Each structure stands twice: as C-alpha cells, then as structure tokens.
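Novice: Kindly return the folded structure for what I paste below:
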Amino acid sequence: MKRQPITVRVASWSARHPGRAIAGWFVFVALCLAIGGAVGTVNAGDKDYWVGEAGRAEAIATEGNLQHRPAERIMITEKSGAEPGANAMNAARDVVERMRRLPEVDHVAAPVRSANGTMLMVEVTMKAKRLEAQRHIQPLLDQSAEVQRKNPDLKVEEAGEASVSKGLDTSRDDDLAASEKITFPITLITLLVVFGSLIMVGVPLLLAVSSIAAAMGLSELISHLVPDAGVGKSVILLIGMAVGVDYTLFYLKRERDERATAQGRLSPEALVGIAAATSGRAIAVSGLAVALSTATLFLATDIVFTSLAVSTIVVVLVAVLSSMTALPALLVLIGRRLDRKASRAARRGRPAGRRAPGGTGRVWTALLRPAKNRPVATLLISVLVMAGLTVPALGMHLRVLNLATHSRAIPELKTYDRLNAAFPDLLAEHWVMVRDNNPGERSEVRTALNELAAKAQADPMFAKKPPRLATTPDGRISVMTLSVPFSLNSSQAHDSLTELRHSYLPQTLGKVPGAEFAVSGPVAQDADYLAHQNDKLPVVVGFLLLLTFVLTLFVFGSATIAALGVLLNLLSVGASFGLVVVFFQWGLASTVFGFEDGATHAIGSRVPLFLFVILFGLSMDYQVFVVSRIKEAALRGVPTRQAVIDGIGHSAKVVTSAAVVMVTVFASFMFLHLAEMKQIGFSLAVAVLLDAFVIRVMILPAALMLLGDASWWPSRAVRRAQRDARSAPAGPAPAHQPPAPTYH
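Specialist: Residues are numbered from 1 along each chain as shown. Alright, predicted model coming up:
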C-alpha cells in the first residue's frame, strides 16, 4: 500500500488521539512562551546596520572609540512666551547639575540660548551606544520631569535620539493594541457569516492567536542567533493573524464540504483524513512556499529584512504546524458532537439538519459568467485594467522614512520639532571619520581637516556653527562633525553630502598620503542604505521569480501553470505598487484618509522589497488552493473548462472569506502612526483584494479556459485523465469519491 504523506499521517494520529493532540499543542505554545520569556530578546546593535561608506566610516570611528554618542537636549522656555529670564537660567543650571550626577551621562554642555532668544537648551551626551541608549533614558527623563515640577511657570521638555525612540516604541505598542481591537471583531463577524456557528468561529481564532503566541516566544529564542531589528512583533501579528485564520478556513471548509457530501456515511476521523489529504497538503505546500519566498529577503544582507524574514517564516511555519496537529483534533471533537446531535434528532424524528454539498452559488456563478462565456474579452479587459493600475509605479520615488515622516500626533516628535525650530543647526550632521595610516603625516591630516572646516563654513549648505573635532590620544583617528541647517529628507541636505564626498574631501584629505576617510551621519546613513537596497533589489526579485516558478512546477507538474502564476503575481504586485504611489506619493491618502503629509509624497525604501516578497508568498496561497481544486476535478476526467468553473466555484466562498480577513488585518495597519506601516498595510490590503476578485475570478479562469488541456503541460496524469474521459462511453455520473492526490 502506498505510504501516506506526512501531513495525512500526522493528521490521522491527531484525529485518533484528539485529547493528546490538543494538549500537546498548548504545551508547545506554553513552552515557546516560557523559553522565550526566560531568554529574552537580543536586539540588533549599531554594527548590524552598517552599510556602504557610512558603515566603513563607523568602523573607523569605533576603532578609536570615537563613535557618535546619543545626545539629549533639555529645552527651557517661559510659558508666557517671553525670553527666558533668571528663573529659566537657574532651572538650566539645575538641569546641568542633576544630569552630571547620573551614571548614564558622559558629558553635559553649558546652557545655550537659541538664535531667536526664546529658548535655553542644555545638551547631555550619554555613555551608551545609539541603539542601547533607549534602555538607559528613563533616569534622564525623570530628572527633567523633576525640574519641571519645581518650576511650574516654565516649560521644561526633553528631546533626543533615545527619548524620541522611546516615544515611537510606546506609540507602536499602543497602535498594535488598537489594531487588535479592530481586527478581532471584524474577523469574528466574517467567520460567523461563513460558518454560522460560534464553535466553528472559535477554532480559527483560537489557532491563530495561539500560533502568534508561540511564534512570539520562538522569535525571542531565535533572536540570540539573528538579532531582532525591532519589527518582529509587528510582523508576527500582521502575518500571523492573516495566515493563521486563512489556513484554518481552507481546512474547515473542506471538512464541512466532505461532511455534507457524505451525509453521515463517514466518521469524523475519515472526514478529517480526506481534508488532510487535500486541503491539509495544500496548507503545508502553501506554508512552505511562503517561507521559501520570504527567505529570499536574506539575500538583501540587511538586518531589517533579515528580521522581517525570520519573523514571517517562524509564524507561517507555526501556523502550518497548528493546522497539521491541533486543527484535525478539534475538528474530530466537533464532528463527534455534530454526529451525536444528528443521532438525537433522528431518534426524535426530526431532520438531521445536514446541509447539501456547497455549490458555486448565485453570486459566484454571476461573477464567473464573463470568464466562462467571453474568456478573450474578459482576459484582455482585466489585464489592461491591472496594467493600467501598474503604470504609476514606474514613477515610484523611494526614500528612507525617518523622524521627519512620522506622525506628529506622537508627543515626542512635537517636542523634537520645537527643538529644531529653535536650533536649526541640529537638524542634520555629517560625520567625517579619518584614519591616518602614515604616522608621519598627522600634521598634514590636521591641516586638511582645518581646510575642510573652512570650506564648510563658507558654504551656505552647511551651518555656520564651528565644526567639532575629536581625535584619539595617538592622533591616528579623528572625527569631524559638520552641521547642516536642513531637514534629513531635504534636497539641500543630500546636496551637501554629495558636495562633501565628491568635492571637499578629495580636495583636502584626498591629497594626504595614507589618509583613509569616509562620511557617516544621519543623511549619509539614509543615502547609503537606500543605495544598498537598490543594489540588492534585482538580486532578490530575480531569485524570487525563479523560485516561484520552480515551486509551482513542483507542486502542479505544469510549466504552463507555473509561468501563469508568476505573471499573475507580477500583475497583482504591480497594481498594488501603482495604487501605493497614487495614494501615498501623489498624496491622495491625505485627502481620502486624512493622513499627514509626512506619510505621503514618497514611498518608504523598505516597502517595495518587503511587499514584493510577502505578496508573492501570499499569492501562492490562493494559487495553490484554487488550482488544486481545479486539478482534482481535471484528474476525475471533468473537462478543463468545466473543471475551472467547478474548482473556482467550490473555493470561491472560502477564498473570499479569507481575503476579507486578510484585508481587515492589513487595513488596520493603515491607521498606525508610523508611515511605513501605513504603506505596508495599504498595499497588502489592496493586493489581496485585487488577487481575490480580479486575478482569481477574471484573469485566471479566462486564461485556463483559453489554454484548455495545454494548461497541464507537461503533466501526463491530467492529460491522460482528460483523454480517457473523452474516449469513455457516456454513462451515469460517478458517485462521490475522495479526491485524487493533486501533487507530485
């Protein structure tokens, strides 16, 4: 007897031992949470973000222990709006004394007055590295708050890298909690509409939430091997809720269809076995496809994408595991309950209440009619619409989304804006790092740096503020800080970086033999990060296209289906990119959704690559589930045209329901404060809608109908089944049988 696939064997064991399977699943979840909580999360450090010339500059500065230290600025103003007087100066001195006593502080500068005379500012340099400073910021915030308490007539505020980062993290956590309040009720309502039973609704939610919990714990453990870049929890919640409910829906729908068809002739264990052999295998294949697709993000060699990939892979694989183990056990218990209820109803002479097998339904029959009756016109019009939506993507403008683009509803960013308005020379900086590899030329390095400082101060693209210079005791490594009075995203700031790198440095340090130099700083880091991503994008996309083709070919044995899948995914992704440009880069989101301008006019540099990979993975979900139903019918000898209608019709309701759940989850992220998450949520929601209602209802069926039996080339099994069916004598329709295996 042919050995059953592992998905069927595992599901069969769970069906025979439901109590142990369910208990084992929740023990696994508890262990993941316990171990993750015990070991904690290892966050990415400064070095993990180094790329390009800015990364080389940071390496030089770190060698001399001259790397940039995070600074906090305490601002003191009169609540009346008048110029700061004696009380304000006394408060500033109090700040200086308090901060100097803190072990977290390295240096405190004397109070300075803003150019317009309305603000006093005390700059405090912390000892911690940039990404570690947030964990040590609270004592500084406490001292600022104490000075404010002692001076009610003054306004004492604090802004800096660490305090703003802390505010952003707090806002992100609040946003995630708010998104959960949105997604859970709508998911509940959607599932009630699909299944009409609270028990059946509870199963997808229970498994999705428990999968997310297990993935959270595992991600903390994995962070000891691959540090977390601070995006893990958001991604686990975003993807976990979507695929967790998605996978459960497909399994549940198949089990219920088989139950309705069997009309009580099969046991719950047998029904689960059929579902495991069909939808269960599809879930496993789909999950593996999503995981492998997401793994292409590792090719970007970027800590943020690595963290995104790890989080997505972990939560998807955990969701697959729950559908292979806990879900069959839960379905058996529910099935037994339904059988007992039916038996009691039969003894009382009442109808058992079993529903007939699900058909296509009136709505979906109408939606599929254009593809069925006019496939050529349907295909051409649909493709033209999707291509038209893609056109704006050709003008996509990418930039690194930073403090200038985040929502000003975050209090810390309002404080940050007030600081920069009073001290514009703090807006951006360039850090010139120099390593002298020829000890005999150190005086020449110092002369070149002085010449560089003079050029910068004479250039309006740089601030008039004198450059700061730090040098190691042996004079081998130096760091010069040049201020720029323009925002990070401004063209002037980037022009000053270009002028510095390509003109001033070659004219000064470039003439010193043995001098190795590079530029870092907020502007340089953003520019180099964007260039690094643009270099990696073709590599990741090319590998992803190849991988998608190979995976689909392996699953369905059809090169035609594989090529068609790649093309359809490109259409879906391209159209969603085009709409992202229209809504965010062109600013329509500000009009329609009331988003702030900071979230618009440019697309986050990480958005396209992340979306390309994730959307290809999620599109594989629908491709696997829909085409597998079509192939089942084709293997039974149903003509390809009718198999397309039957397969899409039988999967239409559950695909639509899964799409609604996904769109709800993704759309909730549009209302987070972080601009990048708004764009990711919007594009994912749009892509899923287009994929479910245009690609799978219009383009895919029309294309397969036109291709006919060529759809299955070079698969011999399907073409043989079609040939045998055509040559067989006409007779009564065969009784329902468990579907034939659909994978090679």
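
Novice: SS state for the most centrally placed residue in the chain?
Specialist: By Cα atoms, centre = their mean, the chain has its centre lying nearest to Val235, at 5.0 Å. At Val235 the chain is in helix, as set by DSSP: H, G, I helix; E, B strand; the rest coil.

Novice: measure the closest residue to it other than its chain neighbours to Ile60 for me?
Specialist: Leaving out its chain neighbours, the residue that sits closest to Val235 by Cβ to Cβ, 6 or more residues apart in numbering is Ser311, at 4.1 Å. Using the backbone N, CA and C atoms, a C-beta is placed for each residue, glycine as well. Taking Cβ to Cβ, to the nearest Å as the measure, Ser311 falls 33 Å from Ile60.

Novice: cool, Thr498 as well?
Specialist: Distance from Thr498 to Ile60, by Cβ to Cβ: 21 Å.

Novice: Just the pLDDT for the residue nearest to Val235.
Specialist: Listed pLDDT for Ser311 reads 94.

Novice: if I look at it, how far off is Ala393?
Specialist: Distance from Ser311 to Ala393, by Cβ to Cβ: 26 Å.

Novice: Then Gln525?
Specialist: 26 Å.

Novice: now Gly647
Specialist: For Gly647 relative to Ala393 (Cβ to Cβ), the value is 31 Å.

Novice: higher neighbour count, those two?
Specialist: Neighbour count, other Cβ atoms under 10 Å: between Gly647 and Ala393, Gly647 has more, with 23 against 20.

Novice: Count the neighbours of the residue lying closest to that one once chain neighbours are set aside for me.
Specialist: In this structure, Gly647 finds its nearest non-sequential neighbour in Ile630, 3.2 Å apart by Cβ to Cβ, 6+ apart. Ile630 is flanked by 29 other residues according to other Cβ under 10 Å.

Novice: Check Ala30 too.
Specialist: Ala30: 14 neighbours (other Cβ under 10 Å).

Novice: what's the helix or strand for it?
Specialist: Here Ala30 sits within helix 18-39, counting by DSSP states H and E.

Novice: Show which residues not belonging to that helix make contact with it.
Specialist: 13-14, 210, 213-221, 224, 322, 325-326, 328-330, 332-333 (Cβ atoms under 8 Å, 6 or more residues apart in numbering).

Novice: Please convert the buried members of these into ChimeraX selection syntax.
Specialist: Selection of the buried residues among the contacts of helix 18-39 in ChimeraX, burial being defined by 16 or more other Cβ atoms under 10 Å:
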select :14,210,213,214,215,216,217,218,219,220,221,322,325,326,328,329,330,332,333
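
Novice: so what's Gly395 up against?
Specialist: Here Gly395 is in contact with Val581, Gln585 (Cβ under 8 Å, 6+ apart).

Novice: now the strands for the chain?
Specialist: Ranges of strands within the chain are 71-78, 105-108, 112-113, 120-126, 154-160, 398-399, 428-436, 468-471, 477-484, 515-520, 603-604, based on DSSP state E.

Novice: partners of the last one in the sheet?
Specialist: In this case it means strand 603-604. Strand pairing for strand 603-604, using DSSP bridges, gives strand 398-399 (parallel).

Novice: what pLDDT, on average, does the strand it pairs with get?
Specialist: What strand 398-399 shows for mean pLDDT is 86.

Novice: How about residues contacting that strand?
Specialist: Asn489, Asp526, Leu530, Gln533, Asn534, Ala602, Ile603, Gly604, Ser605, Val607, Pro608.

Novice: and Ala409, how many neighbours?
Specialist: Using other Cβ under 10 Å, Ala409 has 10 other residues around it.

Novice: go on, Asp174?
Specialist: 13.

Novice: quick one: the residue nearest to the centre of the chain from Ala453, how far?
Specialist: Per Cβ to Cβ, Val235 is found 44 Å from Ala453.

Novice: Dump the strands of the chain into CSV; add distance to Arg135 as well.
Specialist: Formatted as CSV, the strands of the chain follow (distance: least, Cβ to Cβ, whole Å):
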stretch, distance to Arg135
strand 71-78, 14
strand 105-108, 14
strand 112-113, 28
strand 120-126, 11
strand 154-160, 14
strand 398-399, 29
strand 428-436, 23
strand 468-471, 25
strand 477-484, 25
strand 515-520, 23
strand 603-604, 26
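
Novice: what's the closest of the ones you listed to Phe184?
Specialist: strand 603-604 (27.0 Å; Cβ to Cβ).

Novice: how far out from the middle of the chain is that closest one?
Specialist: In this view, strand 603-604 has its centroid 13 Å away from the chain centroid, taken as Cα atoms, centre = their mean, to the nearest Å.

Novice: can you start the count at 843 instead of 1 from here on
Specialist: In the new count, where the first residue is 843, that last one comes out as strand 1445-1446.

Novice: Report the mean confidence score over it.
Specialist: The model assigns strand 1445-1446 a mean pLDDT of 87.

Novice: number of nearby residues for the nearest residue to Ile1041 once chain neighbours are set aside?
Specialist: Nearest residue to Ile1041, sequence neighbours excluded (Cβ to Cβ, 6+ apart): Ile1176, at 6.1 Å. Other residues near Ile1176 come to 19 when the count uses other Cβ under 10 Å.

Novice: ok, Ile1176 - contacts?
Specialist: Ile1041, Met1042, Val1045, Pro1110.

Novice: Name the nearest residue to the third one, ignoring sequence neighbours.
Specialist: If I follow you right, that is Val1045. Leu1172 (5.4 Å).

Novice: low-scoring stretches of the protein, by residue?
Specialist: In the predicted model, the chain carries pLDDT under 70 at residues 843-845, 1036-1037, 1191-1203, 1281-1284, 1435-1442, 1564, 1570-1586.

Novice: So it: which segments form each domain?
Specialist: 843-881+1039-1185, 913-969+979-1008, 1201-1237+1373-1569, 1253-1362 (automatic domain parsing).

Novice: Would you mind putting those into CSV with distance to Leu1018 alongside?
Specialist: Putting the domains of the chain into CSV (distance: least, Cβ to Cβ, whole Å) gives the following:
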stretch, distance to Leu1018
domain 843-881+1039-1185, 6
domain 913-969+979-1008, 16
domain 1201-1237+1373-1569, 8
domain 1253-1362, 18
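
Novice: Which stretch among these approaches Thr1247 most closely?
Specialist: Comparing the domains of the chain by Cβ to Cβ, domain 1201-1237+1373-1569 comes nearest, at 4.4 Å.

Novice: follow-up on the earlier one: how near is the residue nearest to Val1045 to Val1354?
Specialist: Counting by Cβ to Cβ, the gap from Leu1172 to Val1354 is 72 Å.

Novice: repeat for Ile1445
Specialist: For Ile1445 relative to Val1354 (Cβ to Cβ), the value is 41 Å.

Novice: which of the two has more neighbours?
Specialist: Ile1445 (24 against 21).

Novice: does the more buried one really touch Gly1420, like I thought?
Specialist: No. Ile1445 sits out of contact with Gly1420 when judged by Cβ atoms under 8 Å, with a separation of 11.3 Å.

Novice: Now do stretch 947-954: distance from first to last residue.
Specialist: Start to finish, the residues bounding stretch 947-954 are 19 Å apart (Cα to Cα, to the nearest Å).

Novice: Check stretch 1161-1170 too.
Specialist: 13 Å.

Novice: Done for today, thanks.
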